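Q: Fold the following, please.
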Amino acid sequence: MASVTQDDCNAQLQTAARFRPVIGQANGVLVRIRRATPEQAFTELVHVSRKHNVNLGALAEALVTIVDGDRFTAAELAAVVHLEWGGLLPNR
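A: Below you'll find the model as predicted:
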């Protein structure tokens, strides 16, 4: 079993701190478009992240960016967003 170093912990904390706001925003998007509770929205984000084997924070960032009408450059993540939620997103 691999041991976790202090540097690993620090890197994970920095990543969590970076993505926390955008995960909250993506959660709000799903609450709105799905008319879901915050818990249901978060569960859906986690499910889609695992289903497509993509980072939760990066997926959230892609969803928020696309909903804001901006072009998202990571094609794989944009494809996941459009596959999972494209029919619910406003046409831009």
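Q: Name all residues that make contact with V80.
A: V48, H52, V54, L59, A62 (C-beta atoms under 8 Å, 6 or more residues apart in numbering). The C-beta positions use only the backbone N, C-alpha and C, and glycine is treated the same way.
Q: Residue nearest the middle of the chain, spatially speaking?
A: The chain has A60 as the residue nearest its centroid, 1.9 Å off, counting by C-alpha atoms, centre = their mean.
Q: Okay, now the unreliable bits of this structure?
A: Filtered on pLDDT under 70, the chain yields the residue ranges 1-4, 8-9, 12-13, 16, 91-92.
Q: so is G57 in a helix, a strand, or just coil?
A: Using DSSP: H, G, I helix; E, B strand; the rest coil, the structure places G57 in helix.
Q: Show only the entries of the contacts of V80 found in helices.
A: If you go by DSSP state H, the contacts of V80 have V48, L59, A62 in helices.
Q: Name only those of those that count as buried.
A: Buried members of those, counted by 16 or more other C-beta atoms under 10 Å: V48, L59, A62.
Q: from the residues you listed, which single one is nearest L77?
A: Closest approach to L77 among those (C-beta to C-beta): A62, at 3.9 Å.
Q: Help me confirm that the closest one comes into contact with E76.
A: No: counting by C-beta atoms under 8 Å, E76 is not a contact partner of A62; they are 9.0 Å apart.
Q: which residues are common contacts for the two?
A: The contact sets of A62 and E76 do not overlap (C-beta under 8 Å, 6+ apart).
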